[in-house]
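below are the sequence and a predicted model for it; my questions follow.
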Amino acid sequence: AIEMERRGIGVDPVGARNAAKASEEEVGVLLRSANDVAGHLLPMGNGDALADLLYATLGLPIYAGNRNTRAATLKQVRQMLLKVPGTQLPGGFSADNAATLIDLILDYRRAEKELTSFYRPLALFGASHRVHTILRTLQAKTTRYSSSKPNVQQAPRAGNVRRLFQPRDGHVLLLLDYSQQELRVASHYAQAIPATFDWRFTWRCTMAKRGTCKGKAPHGPKDDLDACKQVTHVGYQNQKSHAPRHMGLVEGFLSGDRAFDPHQSMVTACHAQGYGHVDRALGKTANFLLLYGGGPRKLSESLDLTEADGRSIHSIFWDEAYPELGRVRDFIGERLRNAGPKLRFSHEHHITTLHGGRIHLDDGYHGLNYLVQRSSREILNRAITATAAYCHDQGVPYEQILPIHDELMFELPADSLDETVVRQL
């Protein structure tokens with residue numbers, strides 16, 4: 001990491017300044033348009049003031065009691081507005097204009113983030129044609145790499161940000177990445193659970209723990225809840241996780257078929273349940289969001305879906321598309337409740353990653369997230385070490401300059417680009 005910080009990455013300073021200028025103009029246009037639609041000067045920098053204007057003054061509906069201006073909340077409010085086109089809101093504002101206003105606010109925030117997070121910092125730090133970002137290796141619980149000054153780790157693949165990265169004269173950039181790394185790691189853990197493994201878990205009544213449950217039959221916080229009639233306090237009872245009907249994800253990766261697309265399983269399962277609008281891009285986004293611990297509400301908020309669609313697609317992911325991953329998630333949760341057998345990666349109070357790292361937690365959903373992400377980071381670390389040793393031992397002038405998620409960027413002389421070396425790396 002220190003060597004990559006020292007080497008830095010080349011940036012086109014003229015391109016960065018032009019991109020920053022164009023982004024500033026876009027931000028200004030979006031802000032003026034939003035002000036015109038609202039008929040007010042929107043306090044974009046003050047979330048509380050903006051919430052007062054939207055909900056109290058303009059009369060926008062409130063979603064699930066959330067009177068805030070988070071992007072996920074505004075998307076759900078927009079969904080509510082689209083169901084009643086032409087309706088006049090309590091503040092005299094039309095539902096159509098309100099939906100347009102939300103779109104402008106979200107577009108403004110996207111453009112403003114690109115400007116402040118990428119274009120301006122790259123224009124500032126790239127004045128010397130080289131950016132030396134600060135790589136942080138242990139800041140996140142998953143130990144994924146992060147960076148600052150500027151944050152090039154979050155540079156999106158789409159758009160113009162990565163186009164500003166440029167090699168030195170006579171050099172080229174080489175970007176190598178893992179194919180479906182997270183899903184492959186998750187499949188590895190799915191194989192670790194015996195196919196015949198079956199267990200029962202029972203949710204406890206949190207109201208009984210506090211002594212305030214009004215159920216018709218008395219019960220303690222550690223008793224089974226068959227007698228508790230306060231269903232809203234109980235959750236699901238007597239659920240069993242059986243061996244999955246199929247393990248398409250594991251079988252697909254083990255087949256070695258390069259044409260295998262793990263995200264297609266989600267698309268196919270959604271289509272079979274009547275969700276024909278789910279394409280590969282939406283299916284891929286849903287896959288990673290749910291794999292990393294998102295629930296139905298988070299899914300519906302992030303993908304601009306109705307709550308009913310979010311619940312259905314959440315169920316399709318765990319029960320139909322990838323039931324083997326649902327067993328890993330549930331198994332981690334059970335082990336953290338001291339139930340079920342111990343396996344290599346799951347112990348009473350922690351889970352163990354692919355290469356021996358320990359993660360202490362108390363949540364099965366996030367357990368799968370941390371397990372997959374930290375194991376992926378360990379694989380990337382080993383790749384960084386191995387490729388650096390290979391380049392040194394073979395005298396190959398390939399220099400590592402930046403890790404981005406599951407990718408590793410090299411800078412090398414143009415005349416040294418060799419397919420055999422690239423395949424070895």
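Yep, it's here. Numbering: from 1, shown residues only.

contacts and neighbour counts: CA atoms only from here.
Noted.

any low-confidence regions in the stretch 251-400 of the chain?
333-350, 360-365 (pLDDT under 70).

element containing the residue most central in space within the chain, please.
Note on the chain: the residue nearest the mean C-alpha position is L289, at 4.9 Å, using Cα atoms, centre = their mean. Using DSSP states H and E, L289 falls within helix 280-291.

over to R327?
In this assignment (DSSP H and E), R327 forms part of helix 323-336.

check which helices and strands that helix sits against.
If contacts are counted by 3 or more Cα pairs under 8 Å, 6 or more residues apart in numbering; DSSP states H and E, helix 323-336 sits against helix 181-192, helix 364-394.

chain center to it, what's the gap?
Counting by Cα atoms, centre = their mean, to the nearest Å, helix 323-336 is centred 20 Å from the centre of its parent chain.

and the strands in the stretch 201-350 of the chain?
Ranges of strands in the stretch 201-350 of the chain, per DSSP state E, counting those that start in this stretch, are 239-241, 350-352.

gap between the two ends of stretch 153-160?
The first and last residues of stretch 153-160 sit 15 Å apart, counting by Cα to Cα, to the nearest Å.

name the SS class of the nearest residue in space to M409 that is not next to it in sequence, please.
Spatial nearest neighbour of M409, chain neighbours left out: L175 (4.5 Å); criterion: Cα to Cα, 6 or more residues apart in numbering. Assigned with DSSP: H, G, I helix; E, B strand; the rest coil, L175 falls in the strand class.

so how far is R7 from L175?
Between L175 and R7 the computed distance is 16 Å (Cα to Cα).

mind listing the strands for the stretch 51-200 of the chain?
Here the stretch 51-200 of the chain has its strands, by DSSP E, counting those that start in this stretch, at 130-131, 134-136, 146-148, 171-177, 199-201.

for P43, which of the ones you listed is the nearest?
Counting by Cα to Cα, P43 lies closest to strand 146-148 out of the strands of the stretch 51-200 of the chain; the figure is 27.4 Å.

the stretch 151-300 of the chain: helices as residue ranges?
Under the criterion DSSP state H, counting those that start in this stretch, helices of the stretch 151-300 of the chain are mapped to 181-192, 206-209, 231-234, 248-255, 262-272, 280-291, 296-302.

of all those, which one is nearest P85?
helix 296-302 (20.3 Å).

what's the closest one packed up against?
Using 3+ Cα pairs under 8 Å, 6+ apart: helix 296-302 touches helix 71-82, helix 280-291, helix 307-316.

got JSON lines for the ones you listed, with distance to D261 too?
Formatted as JSON lines, the helices and strands packed on helix 296-302 follow (distance: least, Cα to Cα, whole Å):
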{"stretch": "helix 71-82", "distance to D261": "29"}
{"stretch": "helix 280-291", "distance to D261": "10"}
{"stretch": "helix 307-316", "distance to D261": "17"}
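
among these, which is the most enclosed?
Among these, the stretch with the highest mean neighbour count (mean count of other Cα atoms under 10 Å) is helix 71-82, at a mean of 21.

give me the mean pLDDT for it.
Taken as a whole, helix 71-82 has a mean pLDDT of 84.

quick one: contacts of it?
Here helix 71-82 makes contact (Cα atoms under 8 Å, 6 or more residues apart in numbering) with 60-63, 66, 95-96, 98-99, 102, 106, 298, 300-302, 304-306.
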